[in-house]
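Here is my input, please return the structure:
(chains A and B)
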There are 2 protein chains.
Amino acid sequence: MSSELLQHINYPSDLRKLSPDQLPKLAQELRDFVINIVATKEGHLGASLGVIELTIALHYVFNTPNDLLVWDVGHQAYPHKILTGRKDIFHTNRQLNGISGFPKRSESDYDTFGVGHSSTSISAILGMAIASRLKGKKTTQHIAVIGDASIASGMAFEGLNHAGVTDTNILVVLNDNAIGIDPSVGALKEYLTKAKVGFKPKAYNIIEALQFNYFGPIDGHDLPMLLKTFEELKSIDGPKLLHVITTKGKGLKQAEENQVTYHAPGKFDASTGDLISKDNTGLPPKFQDVFGHTILELARKNPKIVGITPAMPTGSSLKYMMEEMPDRAFDVGIAEQHAVTLAAGMASQGLIPFCTIYSTFLQRAYDQVIHDVALQNLAVIFCIDRAGLVGEDGATHHGVFDIAYLNCIPNMIIAAPKDEIELRHLLHTVSLGVNNPIAIRYPRGRGHITNWKIPMQKLEIGKAYQISNGLKIAIISTGTIAHNVTQAIAAIEEKISHYHFCFIKPIDTTLVKQILNKYTTIITVEDGIIKGGFGSSIVDYANQSDSNSNIITLGVPDQFIHHGTVNELHDICGISAKKIEKTIQSLL
Amino acid sequence: MSSELLQHINYPSDLRKLSPDQLPKLAQELRDFVINIVATKEGHLGASLGVIELTIALHYVFNTPNDLLVWDVGHQAYPHKILTGRKDIFHTNRQLNGISGFPKRSESDYDTFGVGHSSTSISAILGMAIASRLKGKKTTQHIAVIGDASIASGMAFEGLNHAGVTDTNILVVLNDNAIGIDPSVGALKEYLTKAKVGFKPKAYNIIEALQFNYFGPIDGHDLPMLLKTFEELKSIDGPKLLHVITTKGKGLKQAEENQVTYHAPGKFDASTGDLISKDNTGLPPKFQDVFGHTILELARKNPKIVGITPAMPTGSSLKYMMEEMPDRAFDVGIAEQHAVTLAAGMASQGLIPFCTIYSTFLQRAYDQVIHDVALQNLAVIFCIDRAGLVGEDGATHHGVFDIAYLNCIPNMIIAAPKDEIELRHLLHTVSLGVNNPIAIRYPRGRGHITNWKIPMQKLEIGKAYQISNGLKIAIISTGTIAHNVTQAIAAIEEKISHYHFCFIKPIDTTLVKQILNKYTTIITVEDGIIKGGFGSSIVDYANQSDSNSNIITLGVPDQFIHHGTVNELHDICGISAKKIEKTIQSLL
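Predicted structure coming up:
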């Protein structure tokens, strides 16, 4: 690939040496660079291709890193990373010890604020702008780039509602491509849809209603227009918003046409854009699809079942139900708080809502889980997707806190099925009606059982059971990490007892008591933070029952775990099959 | 007092037998009833006085409880309670075993959705409306009443943004009195300020921008107008909003004039409205005032210190700093998510933000604490107000989960000072700069030390210490519950060891080890949920160090605790001085 210009650019200071008319060529080179690397190394593609010109223009016009730039979510920050000192290590993106897939403060001065979850950028940049003012830095510019899906989240609204009545010098760049990971939804989106390059509808302008000075819409791929506009905006004080219309996946035909697929397409042919088709024949299903297909099966039989996702119909596989039953399955946008209380409202009227939310995003609705669901003991079913270490998305996306933060909530049932079949049985069981809210956690990606679509059985809530039998040591695990335990045990000559606790809360105290009586050495294993987690519940119970068993709790330690493959991260945390084996061996 | 009409009204069915022209008289009687009881029994006054006419009109026109009515927050629901079967027990309001100060599903069919935290009503009513449609209930009406402070919160925006693109039959009644507990703030409020009865400004109408059919503003104390408008709205399909302008405290002069004070005025003279002045001379200060005055002292010396409150300047006592340093202390409205990430943005630029949030409301910003603060290890100082059992506000307001939900977050420091002086030292200590985010929890109300304004000392982070010395039993407590422990020990002849852990995380493992080695019986005491809490950390450490000590963990059990005085609730949980004494005696 040609990189005549790009090869000389390591930092924005190099970029600023180019003349404006060289920038379109640089954009082409930068776009090719992103495509070529993501094609083989994988990662988020579409969002970055959509902001190539925007990124160049921002770093060209503004004096980063002294001017402060925050990218919302950060899927779109690849060109930013490449232009700010990380071009030569960009191929390590999302790999263990490589650069993060998201902006990260510890990685670069140009990454002013770490992101990953949506809609934080307006609050963050406002905090920075207030700091600049108090520090007397009058010329510093403060820019947040946020997408049309993210700006419709409650948190962004809170930021705008405050910023609008300040006199801070902030610029919100609304990168409007009409899509988040899935197409955007909601009333605000309807307004944005009416806006076109050069045409700002007069009515229903929420941004102006929030007292922002509104500029645009302009074409976000038009470099001269971007440069001219940013130059003008530099000298306009107060809170302002520039509406930029872009195309997600810009410059790669397939990515423009299949924006959902090319959000993070996996490997593809850099020259044609064709996906390198993986042969998935015979592979076990994704847990998401087990959920998505099973809820649809159940909903066909039970009219009370409804489904809710906050902006993840594809990722969660609720899309199957949404396609067949659009009046009973809802994408509410990036609105986890609303999603949970909406579910509570439905449950209060006798519906059976399955609210599917990624573990890390359920943190956004923690109060709603406590105050609107658990306190009223409403039978909302939380399908907690991406629970445990998620791999390459890293620290912002791991679903490792949910056991701890749900365990302390009265009335909650918490379950972590061992495999696809148990997940299926569990979904069936709760669809028959439960007396409590229940959280069902399962990991990202594929399980290990291909023949999972078997007739559904009703499980007994709170019941745990033994998988294998031994003498000296008992392992107690919860969730799909059971697979690692099984592998570890298989590698050891001596027989080891293994117990699976599908239910973390209520815990099967009868079985725990038996285990405590029988074994002096017990290892608990979970794919979540140890502090306040499943093992901690076992230790608490052992303390209450005056047991003197030696209990080793394995799981995620008290630190943030960064990115890498799931196996690598399991290994770091001591819960890979190998590390579990090692722990067992050390105790034999 | 005259209650000619009210005496015959127990349920809305009785109310509907009156003629419309009798309703103003009923309003007067109802207003007097509320004033007379709240004057002696205390509770929330101003909000209820502002919705007397609105409440009558809603229950008169709509067929409650078949038509579904949700009150946001619920401070204003006293007249609703009185008209829906609870007139005769209204004097038990907020007392142990009495009725709740907030709508509560378990209390009445008319309380369709339990509330306490703000901005949940739109999501809840939309969930109900979707349920009605799926169940074929075509004539059911769905009404949410929400205030102007609550509707500006992100969660309400998420609900509106979704509801606006549905065809559900919902009516949002915006009860606009320009004040929450403190005066409303933000850009949306600026719009509402421009609106007057009969005058709807054309520009900047956020509600219409969100595709709601907008009616009003009308006078919320004009009963004929309310009746007429509600009758008309009954037959208009789709999402609609009625803007009603009311006066908080309506009908009691002082309450209208001093709306902040009369939000919950304590005892007052029902006929004159005069507060029954308590003689506070010589009383120990409120922890809130220790915070409020100390941060101001510190901020005078250190220009990096800033303060943030989400809508609680009076309750948190940040108002003192806001008055003296309006450019450095911020009320951001009911926007906990924004408040925390704003603080993170400030901390990223070297400021020292003190973010004061009630424990129960910090649940709203849980993701921001994890993702924006702790993950980036930004030194935001969370002053967690109303930690522990708060008393009469009950289950929705107790701050009992914070230890558990923060304990599992890497990088966090968690501290719970023993008294006012330790709080003061701690605020001083963190103002000198810390390397981590820190949460400082303290309870609602007064401490026990009058002479608290002593020179400030620097504390050693993570250090615990012994308060009293004994032989057989050690008590380990954290936070102000130490006072109950001290009282309990004083009542016992035998000497008992008492250790105070100001720091819950990191825990002083050196001292814990010494205690485990020295005592076979240990009692931990905390004013928070046991599961995942402070005692649980001690038990975990004991397990790791193969200690065989018998550890009893006292705190809030795994159930929601309802309302009563703090002492009564401590007693229910086994952490009153008496109950702690009993536990100790049983172990001697």
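
From now on I want contacts and neighbour counts done on CA atoms only, so please keep to that.
Noted.

can you give me the helices in the stretch 301-450 of chain A?
A:313-316, A:319-324, A:336-348, A:359-362, A:366-368, A:402-407, A:420-431 (DSSP state H, counting those that start in this stretch).

Quick one: closest of the ones you listed to A:Leu241.
Nearest of these to A:Leu241, taken as Cα to Cα: helix A:336-348 at 25.0 Å.

other SSEs contacting the closest one?
Under the contact criterion of 3 or more Cα pairs under 8 Å, 6 or more residues apart in numbering or on different chains; DSSP states H and E, helix A:336-348 touches strand A:305-309, strand A:352-358, helix A:366-368, helix B:121-134, helix B:154-163.

got a list of what the spatially most central residue of chain A touches?
The centroid of chain A falls nearest to A:His397 when counting by Cα atoms, centre = their mean (4.6 Å). Taking Cα atoms under 8 Å, 6 or more residues apart in numbering or on different chains, we find A:His397 in contact with A:116-117, A:360, A:390.

Please apply the same query to A:His142.
A:His142 sits in contact with A:67-69, A:125-126, A:128-129, A:169-171, where contact means Cα under 8 Å, 6+ apart.

Could you export the residues you listed to TSV, including columns for pLDDT, neighbour count and distance to B:Pro326?
Shown next, in TSV, are these (pLDDT from 0 to 100; neighbours: other Cα atoms under 10 Å in any protein chain shown; distance: Cα to Cα, whole Å):
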residue	pLDDT	neighbour count	distance to B:Pro326
A:Asp67	98	15	26
A:Leu68	98	23	24
A:Leu69	98	26	27
A:Ile125	98	34	20
A:Leu126	98	30	16
A:Met128	98	32	17
A:Ala129	98	28	16
A:Asn169	95	25	18
A:Ile170	97	30	20
A:Leu171	98	28	23
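
which ones among the residues you listed come in contact with chain B?
A:125-126, A:128 (Cα under 8 Å from any Cα of the partner chain).

Closest one of those to B:Glu257?
The closest of those, once distances to B:Glu257 are taken by Cα to Cα, is A:Leu126, at 34.3 Å.

just checking, the closest one touches A:Ala163?
Yes: using Cα atoms under 8 Å, A:Leu126 is in contact with A:Ala163, at 6.6 Å.

Give me the common contacts of those two.
Counting by Cα under 8 Å, 6+ apart, A:Leu126 and A:Ala163 have no contacts in common.

can you confirm A:Glu526 is in a strand?
Yes: according to DSSP: H, G, I helix; E, B strand; the rest coil, the state of A:Glu526 is that of a strand.

Let me see the contact set for A:Thr314.
Contacts of A:Thr314 (Cα under 8 Å, 6+ apart): A:Asp182.

If we use 6 Å, what do you get?
Counting by Cα atoms under 6 Å, 6 or more residues apart in numbering or on different chains, A:Thr314 touches no other residue.

For it, give its distance to A:Leu406.
A:Thr314 is 26 Å from A:Leu406, where distance means Cα to Cα, to the nearest Å.

for A:Leu432, same thing?
23 Å.

And those two? Which one has more around it.
A:Leu406 (25 against 12; other Cα atoms under 10 Å in any protein chain shown).

Can you give me the pLDDT of that one?
Reading off the confidence values, A:Leu406 has pLDDT 98.

just to revisit the earlier point, quick one, phi/psi of the residue nearest to the centre of chain A?
Note on A:His397: its backbone torsions stand at phi -110, psi -10 [degrees, to the nearest 10].

pLDDT score assigned to it?
pLDDT, A:His397: 98.

same thing with A:Met1?
53.

now A:Pro183
89.

can you check A:Gln288 too?
98.

Please identify the buried residues of the one helix or strand it maps to?
Here A:Gln288 sits within helix A:287-301, counting by DSSP states H and E. By neighbour count on 16 or more other Cα atoms under 10 Å in any protein chain shown, the buried set for helix A:287-301 is A:287-296, A:298-299.

hmm, who's touching that helix?
So helix A:287-301 is contacted by A:305, A:316-318, A:321, A:446 (Cα under 6 Å, 6+ apart).

Of these, which pair is most distant in space?
Once Cα to Cα is applied, these give A:Ile305 and A:Arg446 as the farthest pair, at 25.3 Å.

Looking at these two, which one has more neighbours?
A:Ile305 (22 against 17).

for A:Ala488, what are its contacts?
So, once contact is read as Cα under 6 Å, 6+ apart, A:Ala488 ends up touching A:577, A:581.

Now do the phi/psi pair for it.
Here A:Ala488 shows phi and psi, under degrees, to the nearest 10, equal to phi -60, psi -50.

before we move on, the earlier item: can you lay out the contacts of A:His142 as TSV showing distance to B:Glu493?
Output for these, formatted as TSV (distance: Cα to Cα, whole Å):
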residue	distance to B:Glu493
A:Asp67	67
A:Leu68	64
A:Leu69	65
A:Ile125	60
A:Leu126	59
A:Met128	58
A:Ala129	60
A:Asn169	66
A:Ile170	65
A:Leu171	68
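
Is A:Leu554 located within a strand, as I assumed?
Yes: the assignment for A:Leu554 is a strand, going by three-state DSSP.

Specify the beta-bridge partners of the nearest residue to it once chain neighbours are set aside.
Residue nearest to A:Leu554 in three dimensions, not counting chain neighbours: A:Val525, with 4.8 Å by Cα to Cα, 6 or more residues apart in numbering or on different chains. Taking DSSP bridges as the rule, A:Val525 bridges to A:Ser477, A:Leu554.

Next, count neighbours for A:Val525.
27.

same question, the one 5 residues further on
The number of residues packed around A:Ile530, counting by other Cα under 10 Å, is 25.

For chain B, see how far away it is.
8 Å (Cα to the nearest Cα, to the nearest Å).
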